[in-house]
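1. would you be able to build a 3D model of this:
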Amino acid sequence: MAEEQTMSLVDVLEENEELEEEASAVLAGSDSDLCSYPQGYVKRQALYACSTCTPASGVAGGVAAGVCLACSYKCHEGHELFELYTKRNFRCDCGNRKFTELQCKLFPGKEDLNSQNKYSQNFFGVYCTCSRPYPDPDDQVEDEMIQCVVCEDWLHGRHLGVAVPDGVELQEMICESCMNNNSFLWTYAAHLSFPGAGVEVKEEPITSVPKEEEKGGDVTEPSCKRSREEAEPGSEGRGPEELGPDCKGQGHAEAEPGCRLKELQAIGQNRVQSGAVFWPSAWRSKLCSCYTCKERLSAAGLSFLLDESDTVLAYENKGKSSEQRLQGPDPLMSALDNLNRVQQLEIIHGYNDMKTELKDFLQRFAAEGKVVTSEDIRQFFEQQQSRKRRRDDGRFYSP
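-> Residues are numbered from 1 along each chain as shown. From the prediction side, this is the model:
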């Protein structure tokens, strides 16, 4: 029995360590003490929406605003907050014109609005195509939610229009709506994505891509065409294609590479264009980065797809690394080997009791949508110490 309990302690500690890593992954990449506003539009950060300060009278009539991690602690303590996980290219709104009565304690005097911020229904506490809250008190179905890489909304697995593949936590997903809004992504999906259950891939007769010396001008034409305004002097009246097959006009130092997207289109493999698309790791590195494709991505607001450091996984790994550097080795795990069985049993009972009480304590905050502050944690452990003193007479002692 003691053997099983000793093992259960290790399991509990490992589970606790996993939970801490998950929290570090999201929060350690953001500053908990300083407002992120002076950094401008932060590449990626943890965000919150405060329904106490910006109440939503429905998505259409509410005021969408987001606050950084530090402001959620210092300026919105005790408020009802929606956790937005992470979002890209966002500047903290705390205390600006959208907050009629609240002034930011960490960085007062902000501009009225952050014009480049993008908002969605998530800022009103609803998610997915079903526009429901999370957790949803009326939903009895256990279902994971997955974030779309493009729109950054969270969708229920059962509302993706495709079966969720195994190992989804290691993959990126683009929802069907975003795929349809950027139809060129379906070409990449036919070659790079994981086909989900119920989604067939149709193959048309494959046409081999000619080698460089064999290909004609209309098969895999390099996509580095410039407008006439960009052409060198003396080129007026010439079409972009007349600048030469290697696109080396005056002012062009290097030849633009062939377009990978056009090559994939020439192969002729089509994916059924329905449902969300799941992408394998490093899929972004396989996207074409020729001039035309970069322009297409920029016009669609998707330039971030060429940046592999933009991924949530990259952000989480950065957060974990930062936290590990600050914490160093875990002294508790190192000390376990030096304890006898009776001492381990005593720790087991104490740890399990504290874990249960801490879970109940935190659930109250979650139910009320409140942020747990350092003062709340301090009071919790003071109560634990008081109870421990009252139980001292019944302590387990080593014989």
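2. going forward, measure contacts and count neighbours with C-alpha atoms only.
-> OK.
3. just the strands in the chain please.
-> Ranges of strands within the chain are 42-50, 67-68, 81-90, 145-147, 154-156, 172-174, 201-203, 269-271, 277-279, based on DSSP state E.
4. quick one, helices of this protein?
-> For the chain, helices defined by DSSP state H occupy the ranges 2-27, 69-74, 176-181, 185-192, 260-267, 291-299, 312-327, 331-336, 341-368, 374-390.
5. low-confidence ranges in the protein?
-> 1-26, 28, 56-61, 169-170, 195-257, 322-349, 369, 386-399 (pLDDT under 70).
6. for Trp283, see how far away Gln147 is.
-> Using CA to CA, to the nearest Å, Gln147 is found at 17 Å from Trp283.
7. comparing these two, which residue is more hemmed in?
-> Gln147 (21 against 17; other CA atoms under 10 Å).
8. my guess is that one meets Leu155, correct?
-> Yes: with contacts counted by CA atoms under 8 Å, Gln147 reaches Leu155, the gap being 6.3 Å.
9. for stretch 110-117, buried residues please.
-> Lys110, Asn114 (16 or more other CA atoms under 10 Å).
10. for it, which outside residues touch it?
-> Contact with stretch 110-117 is made by Tyr41, Asn89, Phe90, Arg91, Asp93, Gly95, Asn96, Arg97, Lys98, as judged by CA atoms under 8 Å, 6 or more residues apart in numbering.
11. show me the contacts for the fourth one.
-> Residues counted as contacts of Arg91 (CA under 8 Å, 6+ apart) are Ser36, Tyr37, Gln39, Gly40, Tyr41, Val42, Asn114, Asn117.
12. burial count for the first one?
-> Look at Ser36: counted by other CA under 10 Å, it has 24 neighbours.
13. I'd guessed it sits against Cys92; true?
-> Yes: applying CA under 8 Å, one finds Ser36 in contact with Cys92, separated by 6.4 Å.
14. who touches both of the two?
-> What both Ser36 and Cys92 touch, as defined by CA under 8 Å, 6+ apart, is the set Cys68.
15. would you format the contacts of Arg91 as TSV with distance to Ile267 included?
-> Converted to TSV, the contacts of Arg91 look like this (distance: CA to CA, whole Å):
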residue	distance to Ile267
Ser36	47
Tyr37	47
Gln39	45
Gly40	43
Tyr41	40
Val42	39
Asn114	44
Asn117	39
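16. which single one of the residues you listed is nearest to Ala366?
-> Relative to Ala366, the closest of the contacts of Arg91 is Ser36; by CA to CA it sits at 24.6 Å.
17. so who does the nearest residue to Val162 once chain neighbours are set aside touch?
-> Of all residues not flanking Val162 in the chain, Gly275 sits nearest, at 5.2 Å (CA to CA, 6 or more residues apart in numbering). For Gly275, the contact set (CA under 8 Å, 6+ apart) comprises Leu160, Gly161, Val162, Cys175, Glu176.
18. got the domain ranges for this protein?
-> Split into domains by automatic domain parsing, the chain comes to 2-28+329-371, 37-124, 145-206+262-309.
19. tell me the most buried of those?
-> With neighbours taken as mean count of other CA atoms under 10 Å, those reach their highest mean count in domain 37-124, at a mean of 19.
20. first-to-last residue distance for that domain?
-> Terminal-residue distance, domain 37-124 (CA to CA): 21 Å.
21. could you do stretch 64-74 as well?
-> Stretch 64-74 has an end-to-end distance of 20 Å (CA to CA).
22. same question, stretch 269-279
-> Stretch 269-279 has an end-to-end distance of 17 Å (CA to CA).
23. try stretch 120-130
-> Terminal residues of stretch 120-130 are spaced 14 Å apart (CA to CA).
24. repeat that for stretch 30-48.
-> Separation of the first and last residues of stretch 30-48 by CA to CA is 12 Å.
25. count of residues packed around Val372?
-> 15.
26. if I look at it, how far off is Gly66?
-> 18 Å.
27. swap in Leu362?
-> 23 Å.
28. just to revisit the earlier point, could I get the strands of the chain in JSON lines, plus columns for distance to Ser321?
-> Formatted as JSON lines, the strands of the chain follow (distance: least, CA to CA, whole Å):
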{"stretch": "strand 42-50", "distance to Ser321": "16"}
{"stretch": "strand 67-68", "distance to Ser321": "21"}
{"stretch": "strand 81-90", "distance to Ser321": "17"}
{"stretch": "strand 145-147", "distance to Ser321": "23"}
{"stretch": "strand 154-156", "distance to Ser321": "26"}
{"stretch": "strand 172-174", "distance to Ser321": "21"}
{"stretch": "strand 201-203", "distance to Ser321": "40"}
{"stretch": "strand 269-271", "distance to Ser321": "38"}
{"stretch": "strand 277-279", "distance to Ser321": "25"}
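29. looking at the ones you listed, which is closest to Thr187?
-> Thr187 sits nearest to strand 269-271 of all the strands of the chain, at 7.0 Å, using CA to CA.
30. show me what the closest one pairs with in its sheet, parallel or antiparallel.
-> Take DSSP bridges as the rule and strand 269-271 pairs in its sheet with strand 201-203 (antiparallel).
31. just to revisit the earlier point, rebuild the domains of the chain as CSV, extending it with distance to Gly319.
-> Output for the domains of the chain, formatted as CSV (distance: least, CA to CA, whole Å):
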stretch, distance to Gly319
domain 2-28+329-371, 5
domain 37-124, 10
domain 145-206+262-309, 13
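32. what sits up against stretch 166-177?
-> The contact list for stretch 166-177, computed with CA under 8 Å, 6+ apart, reads 146-150, 160-161, 274-281, 313.
33. what about Gly376, how many residues nearby?
-> Heads up, residue 376 is Asp, not Gly. A count of nearby residues for Asp376, using other CA under 10 Å, gives 13.
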